[in-house]
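>>> A predicted structure for the sequence below; I have some questions about it.
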Amino acid sequence: MRRAILPALLLLVALAVPAAAQGRIVRHAGFESRLLANERDVWVYLPAGYDLGSARYPVLYLDDGNNMFDPSAPFGGWRLQGTLDRMIAAGEMRAVIAVAVSNTPDRIYEYTPTEDEEYGGGGGGTYLRFLIEELKPFVDRTYRTERGAGSTGILGSSLGGLQAFHAAWTRWDVFGLSGAMSPSFWWDDRFLLREVQRFSGTPPRARFYLDSGDQGPSRDGKADTEAMRDALAAKGYEFGKTLSHWLDRGAAHNEIAWAGRVGRALAFLFPPGTPAPGSATTRIRVHFDVGWGHRIALRGGAPGWGSWRNEIRTSWNPGNVWVYETTAIKAGTIFEFKALVDGASWESGPNHVARGGETTDVFPRFP
């Protein structure tokens, strides 16, 4: 029997987290694609705190997005919001924006890079263009995203896992992080596996997470997934750094298995407290009780950040700490800034000096 493509029905009880640590979901119904000549719903998860500050966030794109957040999905749901809320609140991963892209009746065509003799398909290149040329620009315009490849991931399971791997392998300049869960590497006589095995030259600068179970008629593609793991290792990918593999013993090819282990992929692709490759988070914390109805802003100058003419907003945090975060300042860059009340009253004393990629705490005085 050929490997299963469609996942099984799932009912999963999500772990509750405090309301203050819960993100929210925004639905963009009927998102149109000129390239694919169709439309689909897109759900965007915004982490807790997104609406309170000005920080930018890494982004994870999700195939089969209609299964991610909706427990009434046709084949079950991952209830991924609960997993994201819990892991972010516990400090097990970076806070991310998650973009769940619904599949369509053309799922096989859109998720496969080549045509298979038995199943057809082969429209994966066009689907990838849809993500890069149509959806990602919309997401980057609409939300505060970190736009570099090192901050942009893609994840899927089954054929979605095949697509997620292909996306990072061929367009690592856009998707620098890939999560392939129970990937259908059997597709088209193992076309993608053979392509990686015979690849020569400098490998794509991306990080890959692979996994599978070991049950069912195909043993969940265990042999093919392990062969891809070995092919990547032979190309120089390092376990724990740019490559991770997990065997979920006793698991089959279904939604409940993927929902149960997606946290492993999230923790590897977006580890806590680690700046994304090629970027660094600069954080300024202003400790001052400005009083009800007033606010703290910053002005300063650094390449890629702004000039002294531009006001930079901060977000209030408990303890009367006003916080600003950015990845626009290159790590190690020395810059100066000062704090203002309501954008008009400057603090007294000399400019503060900070370094890109570091956290700077200031305790200003105002006349």
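Looks like it arrived, so ask away.

>>> any idea how far the residue nearest to Asn317 when sequence neighbours are not counted lies from Pro137?
Spatial nearest neighbour of Asn317, excluding adjacent residues (CB to CB, 6 or more residues apart in numbering): Val323 at 5.4 Å. No exception for glycine: its C-beta is placed from N, CA and C like everyone else's. Distance, Val323 to Pro137, by CB to CB, to the nearest Å: 28 Å.

>>> Neighbour count: the two, which is higher?
Remark: of Val323 and Pro137, Val323 carries more neighbours, 19 against 11, as counted by other CB atoms under 10 Å.

>>> what about the residue nearest to Asn317, which SS state?
Here Val323 is strand, with the state taken from DSSP: H, G, I helix; E, B strand; the rest coil.

>>> For beta bridges, what are the partners of it?
Arg285, Ser315 (DSSP bridges).

>>> Wait, it touches Ser315, no?
Yes: here Val323 reaches Ser315: they are 5.5 Å apart, a contact under CB atoms under 8 Å.

>>> And stretch 186-206, how far out from the chain middle?
Computed by CA atoms, centre = their mean, to the nearest Å, the chain-centroid distance of stretch 186-206 equals 23 Å.

>>> pLDDT at the closest residue to Met68 other than its chain neighbours, what is it?
Ranked by CB to CB, 6+ apart and with sequence neighbours excluded, the top spatial neighbour of Met68 is Ala100, at 4.1 Å. Ala100 carries a pLDDT value of 98.

>>> who touches the closest residue in space to Lys235 that isn't next to it in sequence in this structure?
Distances taken as CB to CB, 6+ apart place Pro203 nearest to Lys235, at 4.5 Å, with adjacent residues excluded. Contact partners of Pro203, counting by CB atoms under 8 Å, 6 or more residues apart in numbering, are 232, 235-237.

>>> List the backbone torsions phi and psi for Pro203.
Pro203 adopts backbone torsions of phi -70, psi 160, taken as degrees, to the nearest 10.

>>> got it, and Val101?
phi -100, psi 110.

>>> What residue spans form the domains of the protein?
Here the domain parsing of the chain from automatic domain parsing is 19-269, 282-362.

>>> any idea how far Leu36 is from the residue nearest the centre of the chain?
Nearest to the geometric centre of the chain sits Leu60, at 2.2 Å (CA atoms, centre = their mean). Between Leu60 and Leu36 the distance is 21 Å, computed by CB to CB.

>>> do Gly343 as well
The gap separating Gly343 from Leu36 is 45 Å, by CB to CB.

>>> cool, and Lys235?
Going from Lys235 to Leu36 by CB to CB gives 32 Å.

>>> And for Glu92?
Distance of Glu92 to Leu36, given as CB to CB: 35 Å.

>>> picking up where we left off before, between Val323 and Ser315, which contacts overlap?
Common neighbours of Val323 and Ser315, using CB under 8 Å, 6+ apart, are Gly53.

>>> list the buried ones in the longest helix anywhere in the chain?
The residue-count maximum for a helix in the chain (DSSP state H) belongs to helix 255-269. Neighbour-count burial for helix 255-269, counted by 16 or more other CB atoms under 10 Å, picks out 255-259, 261-269.

>>> would you put the C-alpha positions of it in CSV?
Coordinates of each C-alpha in helix 255-269 appear next as CSV, following Å, rounded to 0.1, in the frame of the first residue of the first chain:
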residue,chain,number,x,y,z
GLU,A,255,-2.3,14.6,13.3
ILE,A,256,-2.2,13.6,16.9
ALA,A,257,1.5,12.5,16.5
TRP,A,258,2.5,15.7,14.8
ALA,A,259,0.7,17.9,17.4
GLY,A,260,2.4,15.9,20.1
ARG,A,261,5.9,16.6,18.9
VAL,A,262,5.7,19.9,17.0
GLY,A,263,7.2,21.5,20.1
ARG,A,264,10.6,19.9,19.3
ALA,A,265,10.6,21.5,15.9
LEU,A,266,9.7,24.9,17.4
ALA,A,267,12.4,24.8,20.1
PHE,A,268,15.1,23.9,17.5
LEU,A,269,14.1,26.4,14.8
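
>>> tell me what it is packed against?
helix 80-89, strand 152-157, strand 177-181, strand 207-212, strand 243-247 (3 or more CB pairs under 8 Å, 6 or more residues apart in numbering; DSSP states H and E).

>>> Just give me the neighbour total for the residue nearest to Asp116 when sequence neighbours are not counted.
Distances taken as CB to CB, 6+ apart place Asp188 nearest to Asp116, at 4.5 Å, with adjacent residues excluded. By other CB under 10 Å, the residues close to Asp188 number 20.

>>> Check the gap between Asp188 and Lys241 for me.
Taken as CB to CB, the span from Asp188 to Lys241 is 30 Å.

>>> Find the nearest non-adjacent residue to Asp361, please.
Closest residue to Asp361 apart from its sequence neighbours, by CB to CB, 6+ apart: Arg285 at 4.8 Å.

>>> how close does that neighbour sit to Gly124?
In this structure, Arg285 and Gly124 are 45 Å apart, going by CB to CB.
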